[in-house]
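Asker: what's the 3D shape of this:
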Amino acid sequence: MSPSARVSSILDSTLEGTVVGSFTKLGIRARDRLFDWDHDLPRMDGQTVVVTGGTSGIGEATAARLLDLGADVHLTSRDEDRAQEAADALNRGGSDARRGTATGHALDTADRASIASFVAEMSRLASGLDVLIHNAGALTSEYRTDDCGNELTLSSHLIGPYLLTRDLRPALNPGARVLWMSSGGMYTQGLDVDSIELSEDDYRGAIAYARAKRGQVELVTHLAPDWAPDIVMHSMHPGWVDTPGVDAGLPGFGKVMGPLLRTAEEGADTMVWLAATGGDDAEPGSFFLDRRPRRTHYLPGTGTTDDERSRLVEWLESH
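Answerer: Got it, this is the predicted structure:
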């Protein structure tokens, strides 16, 4: 490592330790300069990408950038009309002849029948899939369950996306990337399979969300080495981003942090970079923030074991 690269790495680690500086727009803008990011990413012409929850916020920004790189993007929403309206708007948004095409689809990741229907639809694509991006999600304060009786936050963020990934695996092309949009909120929770699902009596939206996001990260850590090298799998978190989801789920947080929140495009940057590059030579199952792998736990009691990750997969298979 060159002296200048060593200095940049030290400054990055210092920034990471501040949390607020790291997660806000201050962090991404500082790292862009520290590491002289390449914004001329590899073209993705002819590649087929799925972005769940691609109609607004980070998902929409991710889809727009991937279209600019030439990829054909299949974006999803629980409402098919909303998905197609978003796709139509994205298709009107660029004039580059090399830009890809967006298509909208219905997908509810908390609904097994919806997942099966979407898998069947994607499996019929002659192109296969080159990138699967798990972005859909929301933080809700009200306790609800899916049709199988599972708490809805856990179902839509972890159970459903796991089943979707497993069932789409035959449609993934060699070298495909499977990428998960987690959250910095997962740092507050550890993985305990016996208590990963909250009951109606002890439900708190922020905790349910953080446990589901922790589950995503540990699931990726467990699966990625087995799926490599044919499939590249990583997770990431976007930092603190000004999106409709933050406004709805954490209105107080948005008011306090508003001036420092990242834009949706900044929140999407690492996801787009991972989709285009696969994360370069990072270890399978790495957890990224701002184009660099990060630790997955800081707080005492939030680390986990390979045995607990195996139990998580067994628990997911039982659903």
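Asker: neighbouring strands - and their directions - for the helix or strand hosting H74?
Answerer: When elements are defined using DSSP states H and E, H74 is found to belong to strand 72-77. According to DSSP bridges, the neighbouring strands of strand 72-77, each with its direction, are strand 48-51 (parallel), strand 102-106 (parallel).
Asker: average pLDDT for the last one?
Answerer: Which is strand 102-106. The average pLDDT for strand 102-106 rounds to 98.
Asker: any idea which helix or strand comes after it?
Answerer: Sequence order places helix 112-123 as the next helix or strand after strand 102-106, per DSSP H and E.
Asker: follow-up on the earlier one: other SSEs contacting the helix or strand just after the strand holding H74?
Answerer: Scanning the chain past strand 72-77 towards its C-terminal end, the next helix or strand to appear is helix 80-91 (assignment: DSSP H and E). Judged by 3 or more Cβ pairs under 8 Å, 6 or more residues apart in numbering; DSSP states H and E, helix 80-91 is in contact with helix 57-68, strand 72-77, strand 102-106. C-beta here means a position set from N, CA and C on the backbone, and glycine is covered the same way.
Asker: and the angle for helix 80-91 with helix 57-68?
Answerer: An angle of 50 degrees separates the directions of helix 80-91 and helix 57-68 when computed by axes from the mean of the first three to the mean of the last three Cα atoms, to 10 degrees.
Asker: tell me which residues in helix 80-91 are buried?
Answerer: Along helix 80-91, the positions that meet the burial threshold by neighbour count (16 or more other Cβ atoms under 10 Å) are A83, Q84, A86, A87, L90.
Asker: go on, stretch 219-226?
Answerer: The neighbour-count criterion (16+ other Cβ under 10 Å) identifies L219, V220, T221, H222, L223, A224 as the buried residues of stretch 219-226.
Asker: mind saving the C-alpha coords of that stretch as CSV?
Answerer: Written as CSV, here are the backbone C-alpha positions of stretch 219-226 (Å, rounded to 0.1, in the frame of the first residue of the first chain):
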residue,chain,number,x,y,z
LEU,A,219,-27.5,-14.7,5.8
VAL,A,220,-25.2,-13.3,3.1
THR,A,221,-22.2,-14.0,5.2
HIS,A,222,-23.3,-17.6,5.4
LEU,A,223,-24.5,-18.2,1.8
ALA,A,224,-21.9,-16.2,-0.2
PRO,A,225,-18.9,-18.5,0.2
ASP,A,226,-20.9,-21.5,-0.9
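Asker: that one - what's its average pLDDT?
Answerer: 98.
Asker: with stretch 301-316 instead?
Answerer: This predicted structure assigns stretch 301-316 an average pLDDT of 96.
Asker: the strand ranked longest in the chain packs against which elements?
Answerer: Looking across the chain with DSSP state E, the single longest strand is strand 172-181. When contacts are defined as 3+ Cβ pairs under 8 Å, 6+ apart, strand 172-181 packs onto strand 129-134, helix 205-227, strand 231-236, helix 264-277.
Asker: and G70, which of the ones you listed is closest to it?
Answerer: Across those, the minimum distance to G70, taken as Cβ to Cβ, is reached by helix 264-277, at 10.1 Å.
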